[in-house]
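[1] sequence and predicted structure below; questions after.
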Amino acid sequence: MSNIKNGKGVIGWIDYRLPIFSTLQHTLIDYPTPRNLNYWWNFGSLAGIFLMIQIITGIVLAMHYTPSVEGAFASIEHIMRDVNYGWLIRYIHMNGASFFFIVVYIHIFRGLYYGSYKSPREVLWWLGLIILLLMMATAFMGYVLPWGQMSFWGATVITNLFSAVPVVGTAVVEWLWGGFAVDNALLNRFFALHYLFPFLIVGVVILHIVALHTHGSNNPLGIDRKGPQDSIPFHPYYTIKDLFGLSFVLTIFAAVVFYAPDFLGHPDNYIPADPLKTPAHIVPEWYFLPFYAILRAVPDKLGGVIAMISAILILFALPWLDTSKVRSATFRPIYKKFFWFLFIDVIILTWVGGSPAEGHFILIGQLATIYYFAHFIIFMPIIGIIETPKPLPNSISESVLNKPIKDGT
Amino acid sequence: MKNNPTDEKKTRRDFIHITSGVTVATGIAAAGWPLIDQMNPSADVLALATVEVDLEPLQPGQSISVLWRGKPLFIRYRTEEEISKANDIDLNALKDPQPDEDRAKNSKYLVMIGVCTHLGCVPLGQEGEYGGWFCPCHGSHYDTSGRIRKGPAPTNLEIPPYVFLDETTIKIG
Ligand code: HEM
Ligand code: FES
């Protein structure tokens, strides 16, 4: 490694002219990391790995896929039946998208619990939310590509959300469609954009990591590091911990890919798209269900769309909605409870979003939507003011060395 | 102070900055427009705009769906009961008030775009609380004239432009 710094050897020669190796060394090897990170800190690197899996399998799929309304569905069947290992690559890509979302949602809840969005990590938090928005767009456009019934009707319903915009709505939707309905023009542009967006995500991920390394990782205690005794180098301590966690996640992933590859999907998407017939029960992929529930909770077209978009945009304001100076919920007895209420609320929204919009589900969905917004707009600011946090430890090393740390995740 | 050379220089600089800024902005807008407009419906898509339908084989109570500009069209030969139900209401109670005679050129035949005005699903015929159409996606109910009566859809099912070429042939578009 010293070769890098003193400019000796091939690596040193290159690094002297383009500091790529020393940059990698700083970010993946030397990076001083709080010594007390728990397994919830694995989910960032897991997300990065699933992004790579999606890009590699996606490029392979694109080599066999035909982006046209006549050819798309047949080319997917061709991938599934004829292309060598095509079924495997496609099942990895399909389920990889789901796992990517599971991992990212856990990563976000980790941030909510440990207050990782607070100063000085606001921009880091925003970049994460931008990644989430790009991921949603990417996954939505990818789901359209097989051109099954769910692809077609999902694309129709979601692009029609823009028709709620006053005055220019219809013009915007026809511009998106390149026609008067979801058709070939839309399929083609979605394919082009589905190919592009993951690389935009890579770009934002790099910014996310630059922002992370500017002030370093937060930690389960949520207190700043006081000195070198509070940190350990990323390698080998966290490389090995990340790999160990990865081995578990990949085992679960493989089990799903090999034994239940269609568990998370909808059988209707194996029926070719039919513009004359909407399936009786259309639902988006599971990772959109909470937002879909919020959309349906408002009995007004424009209102529903605004509520759904606000459900994500409100997260951008979190650093200011949370009035508490203490980061970690471990020391915030009231907030900790509300964190779990929010978690349950999101589960309820997911369940309602996947159920038909009738009977009790309408009321439950509306109450859960109100609670979701109340959590951020009312409870968070108030709790920060009225709550008395527990005393914070003096330092990370003191807390780690003196008592076994108990954090209530 | 009046002839202060730095002051004068400042205003001349400002002028140059503003004019060059405006020029660049106009140039970007002019170059950007083709990139945006290419996404709008292309000439061949715009050209596919009319279809003719023969209504002769339809019996009262039967409907057909035809594809027009990629969207389903509902053409229904309504029964007497459906027509009277469509006329027999208080217009003020409607979300999007429109008398039935404004929606059907010949009250026997109802011609509509079969696309829910909420988010674009295809409603199911002769279902829902008003005996007209029901959209299963988010539960919009339409009456026998295709008017929105209940649910999230904001407006009535749209009526396409069409003319009767003779008693039983229509041209849509
Ligand atoms: C952010 C990363 C990505 C996500 C979340 C994602 C998500 C998805 C999803 C949900 C599908 C539908 C799967 C199905 O039901 O069949 C899909 C399909 C597809 N994706 Fe991706 N994708 C990503 C990256 C990529 C990349 C980089 C490419 C490269 C071109 C790509 C190419 C394709 C192709 C060709 C299909 C159609 C084949 C199929 O449906 O299996 N994807 N994607
Ligand atoms: S699309 Fe018909 S009710 Fe939503």
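    Good, I have the coordinates. Ligands and ions are numbered 1, 2, ... in the order given.
[2] does B:Ile64 belong to a helix, a strand or coil?
    With DSSP: H, G, I helix; E, B strand; the rest coil as the basis, B:Ile64 sits in strand.
[3] longest helix in chain B, please.
    The longest helix of chain B (DSSP state H) is helix B:5-37.
[4] elements contacting it?
    Helix B:5-37 sits against no helix or strand, with contacts defined as 3 or more Cβ pairs under 8 Å, 6 or more residues apart in numbering or on different chains; DSSP states H and E. Backbone N, C-alpha and C define where each C-beta goes, glycine included.
[5] what are the buried residues along the helix or strand just after it?
    The first helix or strand that comes after helix B:5-37 along the chain, using DSSP states H and E, is helix B:43-47. By neighbour count on 16 or more other Cβ atoms under 10 Å in any protein chain shown, the buried set for helix B:43-47 is B:Val45.
[6] do helix B:43-47 and chain A meet?
    Yes: shown here: helix B:43-47 in contact with chain A (Cβ under 8 Å from any Cβ of the partner chain) through B:Val45.
[7] quick one: average pLDDT of that helix?
    Helix B:43-47 shows a mean pLDDT of 84.
[8] quick one: name the residues of the stretch 101-250 of chain A near chain B.
    Counting by Cβ under 8 Å from any Cβ, the stretch 101-250 of chain A sits next to chain B at A:153, A:156-161, A:163, A:174-183, A:185, A:189.
[9] got a list of contacts for the helix or strand of chain B with the lowest mean pLDDT?
    One helix or strand of chain B scores below all others by mean pLDDT, DSSP states H and E: helix B:43-47, with a mean of 84. Applying Cβ atoms under 8 Å, 6 or more residues apart in numbering or on different chains, the contact partners of helix B:43-47 are A:Gly178, A:Gly179, A:Phe180, A:Asp183, A:Ala185, B:Arg69.
[10] so which of these reach ligand 1?
    With the criterion set as Cβ under 6 Å from any ligand atom, no member of the contacts of helix B:43-47 is near ligand 1.
[11] using CSV, write out every CA atom in the least confident helix or strand of chain B.
    Extracted C-alpha coordinates of helix B:43-47, given in CSV (Å, rounded to 0.1, in the frame of the first residue of the first chain):
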residue,chain,number,x,y,z
ALA,B,43,-47.5,12.2,-37.6
ASP,B,44,-48.4,8.6,-38.2
VAL,B,45,-50.1,8.3,-34.8
LEU,B,46,-52.0,11.5,-35.4
ALA,B,47,-53.1,10.2,-38.8
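[12] circling back: in helices, which of the residues of the stretch 101-250 of chain A next to chain B fall?
    Short answer: these in helices (DSSP H) are A:Trp153, A:Thr156, A:Val157, A:Ile158, A:Thr159, A:Asn160, A:Glu174, A:Trp175, A:Leu176, A:Trp177, A:Ala185, A:Arg189.
[13] hmm, back to that, what is the nearest of the contacts of helix B:43-47 to A:Pro67?
    Using Cβ to Cβ, A:Ala185 is the member of these that lies nearest A:Pro67, at 10.8 Å.
[14] please name the nearest non-neighbouring residue to the closest one.
    Of all residues beyond its chain neighbours, the one nearest A:Ala185 is A:Gly178 (3.1 Å), with distances taken as Cβ to Cβ, 6 or more residues apart in numbering or on different chains.
[15] quick check: the one you found touching B:Ser42?
    Yes: with contacts counted by Cβ atoms under 8 Å, A:Gly178 reaches B:Ser42, the gap being 6.7 Å.
[16] which neighbours do the two share?
    What both A:Gly178 and B:Ser42 touch, as defined by Cβ under 8 Å, 6+ apart, is the set A:Ala185.
[17] compare these two (neighbour count), which wins?
    A:Gly178 (20 against 12; other Cβ atoms under 10 Å in any protein chain shown).
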